[in-house]
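> Sequence and predicted structure are below.
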Amino acid sequence: MSDSISRNMEPVKTGRIFLAAVAANLSAFVVGTCLGWTSPILPKLKSNDTSDSPLDRPITSEEDAYISSLIAIGALVAPFIAGPLADRIGRKWVLLSSSVFFVLAFVLNMIASQVWILYLSRVIQGCGVGFVMTAQPMYVGEISTDNVRGATGSLMQLFIVCGILYAYAIGPFVSYQTLQWGCLVVPIIADVVFFFMPESPYYLAGKGRKTAAVRSLQFLRGQSAEGVHDEMAVIQANVEEAMANKGNMLDLVKVGSNRKALLICAGLISFQQLSGINVVLFNSQSIFASANTGLDPAIATIIIGCVQVASSGLTPIVVDRMGRKLLLLISASVMSIGLAALGGFFYMKLVVGDISSVLWLPVPALIIYNIVYCTGFGPLPWAVLGEMFPANIKSAASSVVASTCWILGFLVTRYYPALDALGSYYAFWLFSGFCIVAFFFVMFIVIETKGLSLNQIQVRLGSKK
């Protein structure tokens, strides 16, 4: 009894958990640079003045659509490689290896002389994105304690939008080649920093490396071997149970609790993409240019990027207080309003003609949209993914959900120009409608996981009594 008391008296140093989570999320910063890259680059590629373009002619609208959307092709295929690799070589090494794709892609951008090379670069970037978005939720979910898992799981969105802002802020004001160099150094720095962080104790325990798992847990908790004894015993029991009931892809649909978890996670990810976020990210400069608000499109885009960073920084602070479900409900409802207002602006521009009295509308509409996206539907689907599945099926589930994200991401970005040609308001009103459906999905389908342990979440899903 006294040993148990002394072990439990050692405080957990949550700063260590956040240190490892931040280091892991530097790869999410790289993802952000890839997502934000098109906003300053596409105007250069479409310009009749090719002096700051690697190509000898302006790109067509069809080529524009493919450059925006092909990142999703790599990102939907890569998770089916990254998931099994995360179980074989570890979450840490999958995240580290993602940088190979990013470095290669930015090198290709530097030497691109034809459009197909840019296509190839975007697919390769997508492979890196798929690796990150499969392994990062697994790693962060497994290193975190129950009371900070919502906060650490929300860091991905914060770092993605920081990477987007990095591309937004630098891209319009430097040459094409300088931006590629600026993006190239980021994955190298990310690897150097994350290399010194420990592997997930769940992964190490699953490989029978109990001593290494204890050392990892000691680092992450800032405790002695005695201090982590009880938690290590729980991890070991969970891992042994997972090994005894080794799951496969079919178990995602055969087992009722997994099916419910998949419905929740895939649904949230689907509505994340159907909210039109990639259209906004990839085309911010073009949207502001077509709105003709009188504000420099590059400056307006940077303002949006700053809003994304500031609002994403709120989520780790409030998510474990307010809960996932409430934030998602607020996010869906307010996003629908912002998108409806933006659609209304473009409708008035086409039908009314004189819109001088509402020229101010696009900027606040997109600011409101981005604030609630970055505090709700941006980070929380990934945070929920990291905590919803048992260890024996987690890598398969992460692969399916990440691929779902990018299948829809490709469809939305690829066919947005066709909707835009009919009238921008069609696209934004459609996205607004999807947000309304998302509100009711969250209200009636999603379960609250605030403050619950991974075991308690499984009980709530019905897999355990």
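Sure thing, it's come through. A quick note: this is a predicted structure, and the numbers were derived from the prediction, not measured. Numbering: from 1, shown residues only.

> where along the stretch 201-350 of the chain do the helices fall?
Applying DSSP state H, counting those that start in this stretch to the stretch 201-350 of the chain gives helices spanning 201-206, 210-221, 229-244, 251-254, 256-274, 277-282, 284-291, 297-322, 324-351.

> closest one to I160 among those?
Proximity to I160, assessed across these by CB to CB, is greatest for helix 297-322 (7.9 Å). Heads up, the C-betas are built off the backbone N, CA and C, glycines and all.

> how distant is the closest one from the center of its chain?
14 Å (CA atoms, centre = their mean, to the nearest Å).

> Give the buried residues for it.
Of all the residues in helix 297-322, those buried under the rule 16 or more other CB atoms under 10 Å are 297-298, 300-309, 311-313, 315-316, 319-320.

> same thing with stretch 33-51?
Applying 16+ other CB under 10 Å to stretch 33-51 flags 33-45 as buried.

> about what we covered before: can you put the helices of the stretch 201-350 of the chain in a markdown table and add distance to F410 and mean pLDDT?
Output for the helices of the stretch 201-350 of the chain, formatted as a markdown table (distance: least, CB to CB, whole Å; pLDDT from 0 to 100):
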| stretch | distance to F410 | mean pLDDT |
| --- | --- | --- |
| helix 201-206 | 30 | 90 |
| helix 210-221 | 36 | 92 |
| helix 229-244 | 33 | 81 |
| helix 251-254 | 22 | 81 |
| helix 256-274 | 9 | 91 |
| helix 277-282 | 9 | 72 |
| helix 284-291 | 19 | 64 |
| helix 297-322 | 22 | 80 |
| helix 324-351 | 20 | 89 |
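
> Name the next helix or strand downstream of the host helix or strand of V412, please.
Assessed by DSSP states H and E, V412 sits inside helix 394-422. Per DSSP H and E, the first helix or strand lying C-terminal to helix 394-422 is helix 424-444.

> so where's the chain uncertain?
1-9, 244-247, 281-295, 353-355, 420-422, 463-465 (pLDDT under 70).

> Next, count neighbours for I445.
Applying other CB atoms under 10 Å, we find 12 residues neighbouring I445.

> ok, W360 - how many residues close by?
Neighbour tally, W360, other CB under 10 Å: 13.

> That should have said S175, apologies.
When neighbours are counted by other CB under 10 Å, S175 registers 12.

> And for V363?
Neighbours around V363, by other CB under 10 Å: 17.

> In this structure it contacts T301, no?
No: if you go by CB atoms under 8 Å, V363 and T301 don't touch, sitting 10.3 Å apart.

> what's G323 sitting at in phi/psi?
Here is the backbone geometry of G323 (degrees, to the nearest 10): phi 90, psi 160.

> can you pull the contacts of it?
With contact taken as CB atoms under 8 Å, 6 or more residues apart in numbering, G323 is in contact with 448, 450.

> How about the secondary structure of W360?
coil (DSSP: H, G, I helix; E, B strand; the rest coil).

> Can you tell me how far it is from R57?
According to CB to CB, to the nearest Å, W360 stands 37 Å off from R57.

> ditto for V174
Computed with CB to CB, the distance linking V174 and R57 is 22 Å.

> Compare the two and say which is more crowded by neighbours.
Taking neighbours as other CB under 10 Å, V174 and R57 compare with V174 leading, 15 against 10.

> Can you tell me the SS state at A135?
Classification of A135 using three-state DSSP returns helix.

> count of neighbours near it?
30.

> residues in contact with it?
Contacts of A135 (CB under 8 Å, 6+ apart): 82, 86, 91, 94-95, 98, 398.

> Could you do S113 as well?
Applying CB under 8 Å, 6+ apart to S113 gives the contacts 54-56.

> Going by secondary structure, it is in what exactly?
Under the assignment here (DSSP H and E), S113 is part of no helix and no strand.

> Make 8 the first number, not 1, from now on.
Shifting the count to begin at 8 puts that one at S120.

> Now it. Its backbone dihedrals?
phi -120, psi -10.

> Could you check how far it is from C41?
21 Å.

> swap in P179?
17 Å.

> Same check on L92?
From L92 over to C41 the distance is 20 Å, taken as CB to CB.

> on that earlier part again, out of the contacts of A142, which two sit at the greatest distance?
Farthest-apart pair in the contacts of A142 is S105 and S405; separation 13.9 Å (CB to CB).

> tell me the contacts of the nearest residue to V168 once chain neighbours are set aside?
Excluding the flanking residues, the one nearest V168 by CB to CB, 6 or more residues apart in numbering is Q315, at 3.8 Å. Contact analysis of Q315 by CB under 8 Å, 6+ apart lists 168, 171-172, 377, 381.

> again, but for V286
Contacts for V286 (CB under 8 Å, 6+ apart) come out as 419-420, 423, 434, 438.

> can you check I374 too?
So I374 contacts 310-311, 314 (CB under 8 Å, 6+ apart).

> Tell me the one of the residues you listed nearest G135?
I311 (24.2 Å).

> thought that closest one was touching I378?
No: proximity of I311 to I378 does not meet the contact threshold set by CB under 8 Å, at 10.1 Å.

> The strand or helix carrying G148 versus helix 236-251: what angle between them?
Secondary structure from DSSP H and E places G148 in helix 122-150. On the basis of axes from the mean of the first three to the mean of the last three CA atoms, to 10 degrees, helix 122-150 is oriented at 120 degrees to helix 236-251.

> which SS state does the nearest residue to R228 once chain neighbours are set aside fall under?
Excluding its sequence neighbours, the residue lying closest to R228 (CB to CB, 6+ apart) is V19, at 4.9 Å. For V19, the assignment made with three-state DSSP gives coil.

> what residues are up against V19?
Taking CB under 8 Å, 6+ apart, one finds 152, 228-230 in contact with V19.

> Filter those residues down to the buried ones and express that as a PyMOL selection.
Remark: buried members of these, expressed as a PyMOL selection using 16+ other CB under 10 Å:
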select buried, resi 228+229+230
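
> Could you save the contacts of V19 as a markdown table and add columns showing distance to L186?
A markdown table is the format used below for the contacts of V19 (distance: CB to CB, whole Å):
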| residue | distance to L186 |
| --- | --- |
| T152 | 39 |
| R228 | 41 |
| G229 | 40 |
| Q230 | 44 |
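
> Okay then, goodbye and thanks.
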